[in-house]
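>>> no sequence for this one, just the structure:
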């Protein structure tokens, strides 16, 4: 659905995007993450045809973006970071105006459908400038989906919203993602975890991570960590020395017959530890796993 190969964008001496490549398949909801100035918005503007790349190739549904920009814009629904709206227009007037630009068929029926999807029934006759930020964002989403695009590109859609508004808009994005491909840029990592199934992280214009949400934790140097507390009549060190050949295992505390370990692995090894404990007749008092959070991974990959 979206294919990026060797994408580079220079603004004079500044390289905003540096030779990044990725692919987003139909039906994926992908979080596009990075710190301020990482190149997220620049990449999104290139994908939507607002600015050209310096080099590299971008294809939307196998159409090069520089070959047929009008066709690309028909396929994509775009909510920019600053969500430009006509504040002196009423919500219905604005959506009708966008529908006319998009040349949608049966505009009245489609506008009513979009109003229901975005929860705009109570403000449909109000001027956009009088709306709360949450409703303005909903209007921005409505204009992005009014032509029923196959792809949605949303740049910071929940920026500045209160917690209740974030939950409501997040629910809407998940519903839209059931039938569309969604690329979502956000600074709220909990939002990415709750909404998206895949994460792409860029830093200083370079791609530093790309993976499924349940796999991205292992990009962290820490990997998956397991805390283990056991009781052993004899020191378990000889057996654990063998386990250490394939895993990183560290004895953190030893009190009498109680041993406390921290174990780092690239997969869940609780079953191996349980079987070892049974074989050695150890009593397991506590064993739990701690995976690196998306925030941990993000901070590690984007720190100075």
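The structure has been received and is ready for your questions. Remember, predicted model here, so these are calculated numbers, not experimental data. Numbers count the residues shown, from 1 in each chain.

>>> so what secondary structure elements neighbour the host helix or strand of residue 153?
Secondary structure from DSSP states H and E places residue 153 in strand 151-155. In terms of contacts (3 or more CB pairs under 8 Å, 6 or more residues apart in numbering; DSSP states H and E), strand 151-155 is packed against helix 40-47, strand 76-79, helix 133-145, strand 181-185. For the C-beta atoms, the positions are set from N, CA and C on the backbone; glycine is no exception.

>>> how about a cut-off of 10 Å?
strand 29-33, helix 40-47, strand 76-79, helix 133-145, helix 163-176, strand 181-185 (3 or more CB pairs under 10 Å, 6 or more residues apart in numbering; DSSP states H and E).

>>> okay, the ones you listed in a markdown table with mean neighbour count, mean pLDDT and distance to residue 275 next?
Output for the helices and strands packed on strand 151-155, formatted as a markdown table (neighbours: other CB atoms under 10 Å; pLDDT from 0 to 100; distance: least, CB to CB, whole Å):
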| stretch | mean neighbour count | mean pLDDT | distance to residue 275 |
| --- | --- | --- | --- |
| strand 29-33 | 25 | 94 | 37 |
| helix 40-47 | 23 | 94 | 45 |
| strand 76-79 | 23 | 94 | 51 |
| helix 133-145 | 22 | 91 | 51 |
| helix 163-176 | 16 | 84 | 39 |
| strand 181-185 | 24 | 93 | 42 |
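
>>> With respect to residue 3, which of the ones you listed lies nearest?
Set against residue 3 and scored by CB to CB, the helices and strands packed on strand 151-155 come closest in helix 40-47, at 10.3 Å.

>>> angle of that closest one against strand 181-185?
Inter-element angle recorded for helix 40-47 and strand 181-185: 150 degrees (by axes from the mean of the first three to the mean of the last three CA atoms, to 10 degrees).

>>> Report all helices and strands that helix 40-47 contacts.
If you count contacts as 3+ CB pairs under 10 Å, 6+ apart, helix 40-47 packs onto strand 2-11, strand 14-24, strand 29-33, strand 55-60, strand 76-79, strand 151-155, strand 181-185, strand 198-203.

>>> Just tell me which of the ones you listed ends up closest to residue 135.
strand 76-79 (14.0 Å).

>>> Show me what that closest one pairs with in its sheet, parallel or antiparallel.
As defined by DSSP bridges, the strand partners of strand 76-79 come to strand 151-155 (parallel).

>>> For the strand it pairs with, which residues meet the burial criterion?
Within strand 151-155, the residues scored as buried using 16 or more other CB atoms under 10 Å are 151-155.

>>> Next: stretch 236-251.
Using 16+ other CB under 10 Å as the burial criterion, the residues of stretch 236-251 that qualify are 236, 239-240, 243, 247, 249.

>>> what about this structure, any weak spots by pLDDT?
Applying pLDDT under 70 to the chain flags residues 217-224, 245-246, 266, 290-292, 304.

>>> I'd like the buried residues of strand 151-155 as a markdown table, with distance to residue 212 appended.
Shown next, in a markdown table, are the buried residues of strand 151-155 (distance: CB to CB, whole Å):
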| residue | distance to residue 212 |
| --- | --- |
| 151 | 20 |
| 152 | 20 |
| 153 | 20 |
| 154 | 20 |
| 155 | 22 |
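
>>> which pair in those residues spans the largest distance?
Distances among the buried residues of strand 151-155 were taken as CB to CB; the most separated pair is 151 and 155, at 13.5 Å.
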